[in-house]
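Student: after the sequence you'll find the predicted model.
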Amino acid sequence: MTEAVAPADIANRAFPTPEGATPMMAQFLELRAEAPLDALLFYRMGDFYELFFDDAVRAAEALDIALTKRGEHQGEPVPMCGVPVHNAQSYLSRLIKAGFKVAVGEQMEDPAEAKKRGGSKAVVRRAVTRIVTPGTLTEDDLLDARAANRIVALARTASGEAALAWADVSAGDFASMALGPGALEAELAALNPAELLVRDEDAREAAELCPASAITPRAKAKFDAASGERRLLERFEAHALDAFGDFTKAEIAALGCLLDYLELSQAGAPARLAPPRSTPAGACMVIDPAARASLEIERTMSGERKGSLLDAVDRTLTAPGARLLADRLARPSTDLAEIAARLDAADYLLENRDIRETVRARLKAAGDPARALSRLLLDRGGPRDLAGLTRALAEGDALAEAFKSPPLNPPPAAIADALDALRLSKRDGLADLVRDVGAALVEEPPVFTRDGGFVAEGWSGDLDEARRLRDESRRVIAGLQKTYAEQTGVSALKIKHNHVLGYYIEVSAKNADALMGVEPFIHRQTMANAVRFSTAELGELEAKIASAGERALAMELEVFAGLRARVEEEAETIRAAGEALAALDVAAAAAAWAEETGASRPVVDDSRNFEIEAGRHPVVERALERAGDGRFTPNDCALDGAGEAAPRLTLVTGPNMAGKSTFLRQNALIAVMAQAGLFVPAKAARIGLVDRLFSRVGAADDLARGRSTFMAEMIETAAILNQAGPRALVILDEIGRGTATFDGLSIAWAAVEHLHEVNACRALFATHYHELTRLADELDAAGNVSLRAREWKSELIFLHEVAAGPADRSYGVEVAKRAGLPAAAVARASEILERLEADDAPAAKLAELPLFSAAPPPAAPKPSAVEDRLKTVDADGLSPREALDLVYALKGLVEDDG
Ligand SMILES: Nc1ncnc2c1ncn2[C@@H]1O[C@H](COP(=O)(O)OP(=O)(O)OP(=O)(O)O)[C@@H](O)[C@H]1O
């Protein structure tokens, strides 16, 4: 259904002119013209948000709600639909998920004020207060608590520089990164934007690069670096951007464009973002998009979190902790000091179990202070956010207390810094705020301020007094019911309340005579079965209740505003405390996971080694355990980029189903985990820093981009051979499989040679082409390992064990038999295989090949005389006669050449 209203074409539409419009419709059209055309306009009318014209048509279809009409405009009925304000959130969420943006047009005054201002015909003033877009959400029920929600801008300068800037409005992050050649795709995959801002002309390319993101094209002028810089300086009240870091021109352009868009979408009051941070190029391991997808780091190939590496290792207890862990796995560090600091923190909490348990017990109650803070700063937060925020701060302080007398060793720097940020004793303003919010709010405050009832008794004498008056009047009313019943002799008489009549007396029709025309009862309404009355006393009490209630609510709102202002003052320290909680959560979770699974601390250094002892695949191991399918067999892996201590490139052979892919992937995942600062599933691991991870594992069509399996595989292989440098780690699984045997073998052969000679990076290369294993003899830094299987009583048993040397044969037919191929087909396959194997193997011929050289291929031959002559011809200008002459001339040239 959403396809029919796909928002893609939404920017190309028109709304009627205001000629002849009613005052309200004129105001709507004015607001409509102000709001961006690619957003639907929610126009607030009392308890509803109404949509008109094309907005109504699209929203009604996307939401599956009734499309009605409201009057006429220029002789045509006006299409309309609406959603109630009290559950607008769920409709908003559905529209955003369907790819729409929504501009919210609020009433800026109440109808009484409008009347005072402009008489009975005056239209209530309205303004667009916010544009809700996928990248600028802050509400918990519109967001995934455990995933970041990033909005990203891509800028390109005339000189060819490119940069990305991103923000998570819900948490306040704001950062940028200059892009090196070929890094765009990988970085976008790492950031996984909810919304991507690009120049108009880049929109199509962006949609291809990020099919899951909402693409928002912006005019080229919005990416102007000079005005971007001015905007940034103004917003962050700085004289020079150097104060925040060293930004390239493209980074400034991207940051500026992003800030401009956030100001627009928040109607001039953008999120209180942290000052921009520049991430230096090379600060993170670049993970190729194909590798990221096939290694299933943050989600599986089918797009789910369950079954991914992140899901397997995530033991965090808070949503900000989960987001930080996801970010670290998505963008593992290449900074040795940073990696060591993260590992130190996890190590400390692994050793000090009691402290870890205390930390984790406190974290459970810490909630999501980052998102609560952002909502409060945007003036979208309520009492529950205030309470949640201060509860997190109080838990943080209590947690820091647990470290007061460290058992044996003092905590490492990463933990000490976090504790520093959490200790309230060092921050008076924050400590007072926590104390006051605790005292001012009720135990379980509501989400919104609008109905009041969140300020605790005893906080304000005036408020308590107003509430007492209100409640007393209510009690008096309850007493009146009894008095009136006795007075009239109607025992079933009831006092009720509704919004039209306020408080009223209700009796059944047959009892009405007892009150009709009797003092002090005033007849108000006759219904089918009931008759309603009021009295002067009831009216007075009602007015008292209303005014006391209003006063009470006003006082509560004042209390809230005061506390909110104090949060604003302390925003930076609160943010730092929130980050400290998330970092502790990740460290404690890493320790918990390590303890649970027997993971060990990796050594990450600046060598080019890759030595894994008894490594395991964290996801496959877990799956085997859960299914009761036996134990995972650990395996070693040794590579050395220098080609000294171990091969630089290892060929992995073995039967189908023996565990080749698992072995390849587990080693890549171990590198990712180690550089994310996590313990790794191995007995020991030493990893020389990996700056870029490539993988080509498993075959999948990319039909969406019109690529066959083989084409997709070749594009990925080309990217690896063109880009992998000496610090890269490459895993390649069965390349060349999707084409004719000899073509496939030739491509695989050449790829191995290229990786070994030109890229000179660490690589694991799994293959079914046994001929390739000979390369280990010819290339000095290449080696062979194989996954072992054994035949036992004519059955094939997989040992999943990696052994030195190539596999003896492939056992494909045995695997087919195990899979249940009919016996006749299996017998026939064995027979054919025997024949084929008896023939002269192509490997013998390959051995005669000269050694690979990376010398460029010979230059293209010089064009022939015929080609030269043809290049000068203007085909359209030739008469038939001239054309014929030309044919003779060309023929002459060919004969000359011959
Ligand atoms: N080390 C191991 N210990 C235990 N079981 C393993 C191990 N490695 C792999 N397996 C099991 O074997 C199955 C097949 O593994 P994998 O897909 O890695 O084989 P493969 O050799 O790549 O197969 P193919 O050549 O057919 O692609 C896995 O799903 C897993 O259940």
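Tutor: Ah, there it is.

Student: now for the residue of the chain found nearest the ligand: which residues touch it?
Tutor: Closest to the ligand within the chain is Gly659: 2.8 Å, counting by Cβ to the nearest ligand atom. For glycine as for every other residue, the C-beta is placed from the backbone atoms N, C-alpha and C. Residues near Gly659 by Cβ atoms under 8 Å, 6 or more residues apart in numbering: 633, 787, 798, 800.

Student: mind putting those in JSON lines, distance to the ligand and neighbour count included?
Tutor: Output for the contacts of Gly659, formatted as JSON lines (distance: Cβ to the nearest ligand atom, whole Å; neighbours: other Cβ atoms under 10 Å):
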{"residue": "Thr633", "distance to the ligand": "4", "neighbour count": "19"}
{"residue": "Leu787", "distance to the ligand": "6", "neighbour count": "24"}
{"residue": "Phe798", "distance to the ligand": "6", "neighbour count": "19"}
{"residue": "His800", "distance to the ligand": "3", "neighbour count": "22"}
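
Student: what would those residues look like in JSON lines with pLDDT and secondary structure?
Tutor: Formatted as JSON lines, those follow (pLDDT from 0 to 100; DSSP: H, G, I helix; E, B strand; the rest coil):
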{"residue": "Thr633", "pLDDT": "94", "secondary structure": "coil"}
{"residue": "Leu787", "pLDDT": "90", "secondary structure": "strand"}
{"residue": "Phe798", "pLDDT": "81", "secondary structure": "strand"}
{"residue": "His800", "pLDDT": "90", "secondary structure": "strand"}
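
Student: any idea how far Met285 lies from Ile612?
Tutor: Going from Met285 to Ile612 by Cβ to Cβ, to the nearest Å gives 17 Å.

Student: then Pro217?
Tutor: Per Cβ to Cβ, Pro217 is found 46 Å from Ile612.

Student: which one's more surrounded, these two?
Tutor: Ile612 (26 against 19; other Cβ atoms under 10 Å).

Student: show me which helix or strand of this protein is least confident by mean pLDDT.
Tutor: helix 842-846 (a mean of 58; mean pLDDT, DSSP states H and E).

Student: could you list the low-pLDDT ranges of this structure?
Tutor: Within the chain, the stretches with pLDDT under 70 are 1-9, 11, 267-271, 406-408, 698-708, 736-741, 794, 810, 839-861, 896-898.

Student: quick one, domains of it?
Tutor: When the chain is parsed with the TED database, its domains come out as 23-132, 140-281, 603-806, 865-896.

Student: show me how far the first one is from its chain's centre.
Tutor: Looking back up the chat, that one is domain 23-132. Offset of domain 23-132 from its chain centre (Cα atoms, centre = their mean, to the nearest Å): 30 Å.

Student: again, but for the third one
Tutor: Here the centre of mass of C-alpha atoms in domain 603-806, compared against the chain's by Cα atoms, centre = their mean, lies 29 Å away.

Student: what's the end-to-end length of it?
Tutor: 29 Å (Cα to Cα, to the nearest Å).

Student: residues from the stretch 501-650 of the chain in reach of the ligand?
Tutor: For the stretch 501-650 of the chain, the residues in contact with the ligand (Cβ under 6 Å from any ligand atom) are 620, 624, 632-633, 635.

Student: one more time with 5 Å, if that's ok
Tutor: 632-633 (Cβ under 5 Å from any ligand atom).

Student: where do the helices sit along the stretch 501-650 of the chain?
Tutor: For the stretch 501-650 of the chain, the helices defined by DSSP state H, counting those that start in this stretch occupy 536-569, 571-597, 618-627.

Student: then the stretch 1-150 of the chain?
Tutor: Assigned by DSSP H, counting those that start in this stretch, the helices in the stretch 1-150 of the chain fall at 23-34, 53-63, 88-97, 111-118.

Student: now the element after the least confident helix or strand of the chain, going C-ward?
Tutor: Scanning forward in sequence from helix 842-846 by DSSP states H and E, the next helix or strand is helix 865-871.

Student: tally of neighbours for His497?
Tutor: Neighbour count for His497, taken as other Cβ under 10 Å: 12.

Student: am I right that it is in contact with Gln481?
Tutor: No. Using Cβ atoms under 8 Å as the test, His497 is too far from Gln481 to be in contact (11.8 Å).

Student: got a list of what Leu376 touches?
Tutor: Contacts for Leu376 were tallied using Cβ under 8 Å, 6+ apart; they are 385-386, 389, 564, 567-568.

Student: from Leu386, how far out is it?
Tutor: 7 Å.

Student: can you list residues touching both of these two?
Tutor: Joint contacts of Leu376 and Leu386 (Cβ under 8 Å, 6+ apart) are 564, 567.

Student: isn't Arg328 right next to Met673, touching?
Tutor: No. Checked against Cβ under 8 Å, the pair Arg328 and Met673 is beyond contact range at 9.5 Å.

Student: the more surrounded of those two?
Tutor: The neighbour count for Arg328 versus Met673, taken as other Cβ under 10 Å, is higher for Met673 (27 against 23).

Student: still on that earlier bit, just name the most buried of the helices of the stretch 1-150 of the chain.
Tutor: The highest mean neighbour count among the helices of the stretch 1-150 of the chain, using mean count of other Cβ atoms under 10 Å, belongs to helix 53-63: a mean of 21.

Student: what packs against it?
Tutor: Judged by 3 or more Cβ pairs under 8 Å, 6 or more residues apart in numbering; DSSP states H and E, helix 53-63 is in contact with strand 39-45, strand 48-52, strand 76-84, helix 88-97.

Student: can you list contacts of the longest one?
Tutor: If I follow you right, that is helix 88-97. Residues from elsewhere that reach helix 88-97 (Cβ under 8 Å, 6+ apart): 40, 42, 49, 59, 62-63, 83, 102, 132-134, 137, 139, 141-142.

Student: got the contact list for the nearest residue to Leu317 once chain neighbours are set aside?
Tutor: With sequence-adjacent residues excluded and distances taken as Cβ to Cβ, 6 or more residues apart in numbering, Leu317 is closest to Leu363, at 4.6 Å. Neighbouring residues of Leu363 by Cβ under 8 Å, 6+ apart: 317-318, 321, 395, 399, 581, 584-585, 588.

Student: again with Ser302
Tutor: For Ser302, the contact set (Cβ under 8 Å, 6+ apart) is empty.

Student: now do 10 Å
Tutor: Counting by Cβ atoms under 10 Å, 6 or more residues apart in numbering, Ser302 makes contact with Glu296.

Student: helix, strand or coil for it?
Tutor: Secondary structure assignment for Ser302 (DSSP: H, G, I helix; E, B strand; the rest coil): coil.

Student: quick check: the gap between it and Asn635.
Tutor: Shown here: Ser302 relative to Asn635, a distance of 27 Å by Cβ to Cβ.

Student: go on, Glu357?
Tutor: Relative to Asn635, and taking Cβ to Cβ, Glu357 is found at 34 Å.

Student: more neighbours, those two?
Tutor: Between Glu357 and Asn635, Asn635 has the larger neighbour count (other Cβ under 10 Å), namely 23 against 14.

Student: was I right about the more buried one contacting Val802?
Tutor: Yes. With contact defined as Cβ atoms under 10 Å, Asn635 and Val802 form a contacting pair (4.2 Å).

Student: which parts of the protein sit against the ligand?
Tutor: For the chain, the contact set with the ligand under Cβ under 5 Å from any ligand atom comprises 632-633, 656-662, 800.

Student: show me those that map onto strands.
Tutor: Among the residues of the chain next to the ligand, the ones falling in strands (DSSP state E) are His800.

Student: could the residues of the chain next to the ligand go into JSON lines alongside distance to Val518?
Tutor: What follows is the residues of the chain next to the ligand, written out as JSON lines (distance: Cβ to Cβ, whole Å):
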{"residue": "Phe632", "distance to Val518": "88"}
{"residue": "Thr633", "distance to Val518": "94"}
{"residue": "Asn656", "distance to Val518": "96"}
{"residue": "Met657", "distance to Val518": "94"}
{"residue": "Ala658", "distance to Val518": "97"}
{"residue": "Gly659", "distance to Val518": "94"}
{"residue": "Lys660", "distance to Val518": "96"}
{"residue": "Ser661", "distance to Val518": "91"}
{"residue": "Thr662", "distance to Val518": "90"}
{"residue": "His800", "distance to Val518": "94"}
